[in-house]
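In: what follows is a predicted protein model with its sequence.
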Amino acid sequence: MPSTLPARAIEVDAGVALPAAFGGLRKILQACEAAAPDTVRALARSRPAEWNRLFPGSIQGAPELADLALTPSERRLHRESEQSFWVLNLAARAIVETLRDSGRPLVVHGAGECDLVSLRAVMRAAEWGRLEQLDGRILLTGWHMRRPHYAALFEQRRRAYLDTLCDRMRAPRPGTEIGALSGRALEPAVDLEGRYLQAVIDEERPLEHRIAAAILAIRGCFFTTNYEGAQLAAERGLALIDAAGNALSAAGVAEGWDALDTGFTTPAIEIDRDSLGDAEELRALFERSIGVVHVFTGLHDESLEAFARGLERNISPERKAQLHMYRALTLIKRLGNLPNARGEIEAGFAALAGRESNARSLHEGWLRNVYALTWFQDKKLEQAMVEEKKAMRCVGELHDASATHLKINLISNASVLQETAKMYSDAITTWRRFEKISEKWGDNFAKHHRYRLAGLQLAAGERDVAVENYTHAYESAQKLGDPLHSQVVSAELGQFYLGSEQATSQRWFTLAVEHARTLGDPLRLAQSLAGLALAQGSRGFSEALRCAQASTTTPAETTPLVAALAGGEPEAIHKVLPRPRSKLNRPFDSVNL
């Protein structure tokens, strides 16, 4: 706690008793609305899908965020969430515009008790604020108080995250001292995630219902990238199974699920009613969830241990195969240990050996897909394609959500293998199979599909049709109101035309600057401003340099850009600008820790 606070500050207590996503952020945004009501309300009306995710039901007739933006994928260990990015970026913009329009600083009390998802929006606002000459206008206090409900295994990781957050905000680190637990009371739940987490700790509820609530909470936390909440739910779920002992009723857990579930299903995370079972199956499910949290938070050895604890349980062959798959994915994608990954996959095959069934074919298909990844990493493309074809045979006649999810992955992966082998015509033909799957793909699909198609066409030397499809991807992003991918495509097209068609380059870079300002990303704005100056034949790089120096998100990209801008040599600057690619996915690092 500083000895003095800024005069006329907007002060808000952002602490929460439970680490439910957006809990602290809602308080901050309500304080912003009180300080600058017209500003915040206009912004809410302009982005109703995101605002309704923060304040459910507050804007009638708003589109569903799930229709506009992508989720993470547990099956592929992809933690990136376009949906969370949209929500957190909107919140950051609301904070920045409140600071600017009210002329008042923001003091956030109870930072040590605030959920990490909310603090990531505050971090994003601090970086954005540097573009607006609002440096140091956000102050966080109360780092050392702890909320009454927390995940024990997450505490050390949380402290490391808080250090990173302060570094990104260019603020002093909170230090290692941890204070006492607060006596903060629970507040009414605002959304399903909060409702499930409250049910987990509600000692008045039947024990089995609390276990069901823990599983549902993990599913909800996955979509908000709330790793601390998921860890808390898993820890409490395991403790409740211990407390029940031999008296645990699997039927009671299923009854609790039916009472709490809303019928939501998605292949992005395979947690549904079929995930339930006896105590052994439930323990394995909670250990799997802990392992996934560890992967997403960079604790890879701990993740392997959690998956291994699940394998020690008396569970079905399909569950065993799934846990071996998660261990293999972790070994491949995070640790680069291909021999051990293949050992895990072979163990998964062994677990599935025996009687044939649709479920076993599905799990074998996923394992084959991961096996292909090991060969791809080893640059043995023929072996990789063999495994992809085997995987497709496993699920060719299956049509449930998970099988469809795998088929989509397999088509995509086959296209990547052909691209890597420089078989661009074949890669294009494979990729275009998506167009025959459905005539009802929306703009979100078109945005990604057309971008990749353009990248493959460009590699094949089909320049004009590639530009046409990059432009289509841009237009799809525009229809979605997506400034991030609008900026990505426009900046890359600006770079594409740089040096050959300067007027066209200038037009695209002008759009890129506009989108980067809407996005509030210093690095992307710096890149776009630098490209625009090159397209105009100018050597005025001072504003681009200032913006690049304001960025704390990705030093690996920022450092060479700053050096090039400081040197002022057009050729050096041109080299570090983003170029068109064949995959539109970008890490959402500006809101990630």
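Out: Everything's here; your move. Predicted, not measured: the structure shown is a model, and the values here were computed from it.

In: quick one: low-confidence parts of this structure?
Out: Low-confidence segments of the chain (pLDDT under 70): 1-3, 267, 438-439.

In: now the strands for the protein?
Out: Ranges of strands in the chain, per DSSP state E, are 10-13, 106-109, 138-140.

In: which of these sits most buried?
Out: strand 106-109 (a mean of 23; mean count of other Cβ atoms under 10 Å). In short, each C-beta sits where N, CA and C put it, glycine included.

In: circling back to that earlier point, can you say which of the strands of the chain is nearest to residue 34?
Out: Closest to residue 34 of these is strand 10-13 (Cβ to Cβ; 8.0 Å).

In: quick one: strands adjacent to that closest one?
Out: Using DSSP bridges, the strands paired with strand 10-13 are strand 106-109 (parallel).

In: starting at the chain centroid, how far to the partner strand?
Out: Relative to the mean C-alpha coordinate of its chain, strand 106-109 is positioned 26 Å out (Cα atoms, centre = their mean, to the nearest Å).

In: got it, and stretch 497-510?
Out: Relative to the chain's own centre, stretch 497-510 is displaced by 32 Å; criterion: Cα atoms, centre = their mean.

In: with stretch 237-247 instead?
Out: For stretch 237-247, the distance to the chain centre is 32 Å (Cα atoms, centre = their mean).

In: now it: buried residues?
Out: Buried residues in stretch 237-247, defined by neighbour count with 16 or more other Cβ atoms under 10 Å: 237, 238, 240, 241, 244.

In: what of stretch 290-307?
Out: Result for stretch 290-307 [16+ other Cβ under 10 Å]: buried residues 290-297, 299-300, 302-304, 306-307.

In: pull the most distant pair out of these.
Out: So, these by Cβ to Cβ: farthest apart are 297 and 307, at 14.8 Å.

In: so who does residue 45 touch?
Out: By Cβ atoms under 8 Å, 6 or more residues apart in numbering, the contact list for residue 45 reads 51, 59.

In: the same query, at a cut-off of 10 Å, please.
Out: With contact taken as Cβ atoms under 10 Å, 6 or more residues apart in numbering, residue 45 is in contact with 51, 59, 62.

In: and for residue 286?
Out: 211, 214-215, 218, 233-241, 306, 309-310 are the contacts of residue 286 under Cβ under 10 Å, 6+ apart.

In: now do residue 410
Out: Taking Cβ under 10 Å, 6+ apart, we find residue 410 in contact with 365, 368-369, 372, 387-389, 391-392, 394-396, 430.

In: one more pass at 6 Å, please.
Out: Under the criterion of Cβ atoms under 6 Å, 6 or more residues apart in numbering, the contact list for residue 410 reads 388, 391, 392.

In: do residue 249 as well
Out: Contact partners of residue 249, counting by Cβ under 6 Å, 6+ apart, are residue 208.

In: now it: how far from residue 207?
Out: Per Cβ to Cβ, to the nearest Å, residue 249 is found 9 Å from residue 207.

In: same check, this time on residue 563
Out: From residue 563 over to residue 207 the distance is 60 Å, taken as Cβ to Cβ.

In: show me which positions of stretch 261-279 end up buried.
Out: By neighbour count with 16+ other Cβ under 10 Å, stretch 261-279 contains the buried residues 261, 266, 267, 268, 269, 270, 271, 272, 275, 276, 277, 279.

In: hmm, back to that, filter the contacts of residue 45 down to the ones in helices?
Out: With DSSP state H as the criterion, helices contain residue 51 from among the contacts of residue 45.

In: ok, so of the contacts of residue 45, who is nearest residue 121?
Out: Set against residue 121, the nearest of the contacts of residue 45 by Cβ to Cβ is residue 51 (13.2 Å).

In: tell me where the stretch 451-593 of the chain has helices.
Out: Remark: helices assigned in the stretch 451-593 of the chain by DSSP state H, counting those that start in this stretch are 463-480, 483-497, 502-519, 522-535, 542-549, 555-567, 570-575.

In: would you format those helices as a markdown table with distance to residue 198 included?
Out: Listed next are the helices of the stretch 451-593 of the chain as a markdown table, based on distance: least, Cβ to Cβ, whole Å:
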| stretch | distance to residue 198 |
| --- | --- |
| helix 463-480 | 34 |
| helix 483-497 | 33 |
| helix 502-519 | 35 |
| helix 522-535 | 38 |
| helix 542-549 | 43 |
| helix 555-567 | 40 |
| helix 570-575 | 53 |
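
In: residue 86 is nearest to which of those helices?
Out: The closest of these to residue 86 is helix 483-497. By Cβ to Cβ, the value is 8.4 Å.

In: for the closest one, buried residues please.
Out: For helix 483-497, burial by neighbour count (16+ other Cβ under 10 Å) applies to 483-497.

In: same question, stretch 57-77
Out: 62, 65-66, 68-77.

In: which of the residues you listed sits closest to residue 23?
Out: Within the buried residues of stretch 57-77, the smallest distance to residue 23 is 18.1 Å, found for residue 65 (Cβ to Cβ).

In: what sits against the closest one?
Out: 49, 53, 83.

In: one more: residue 209?
Out: Contact partners of residue 209, counting by Cβ under 6 Å, 6+ apart, are residue 256.

In: if we can go back for a sec, which of residue 563 and residue 207 has more neighbours?
Out: Between residue 563 and residue 207, counted using other Cβ atoms under 10 Å, residue 207 has the larger neighbour count: 17 against 13.

In: looks like the more buried one contacts residue 245 (just checking).
Out: No - applying Cβ atoms under 6 Å as the test, residue 207 and residue 245 come out as separate, 10.3 Å apart.

In: all helices for the stretch 151-300 of the chain, in order.
Out: Under DSSP H, counting those that start in this stretch, the stretch 151-300 of the chain gives helices at 155-169, 192-200, 207-223, 227-244, 250-260, 279-296, 300-311.

In: quick one: which of those helices is nearest residue 26?
Out: Closest among those, using Cβ to Cβ: helix 192-200, at 10.1 Å.

In: just checking, what packs against that closest one?
Out: helix 207-223 (3 or more Cβ pairs under 6 Å, 6 or more residues apart in numbering; DSSP states H and E).

In: other residues contacting stretch 481-495?
Out: Residues outside stretch 481-495 that contact it (Cβ under 6 Å, 6+ apart): 470, 473-474, 477-478, 505, 508-509, 511-512, 515-516, 518-519, 524, 528, 531, 577-580.

In: alright, that wraps it up for me.
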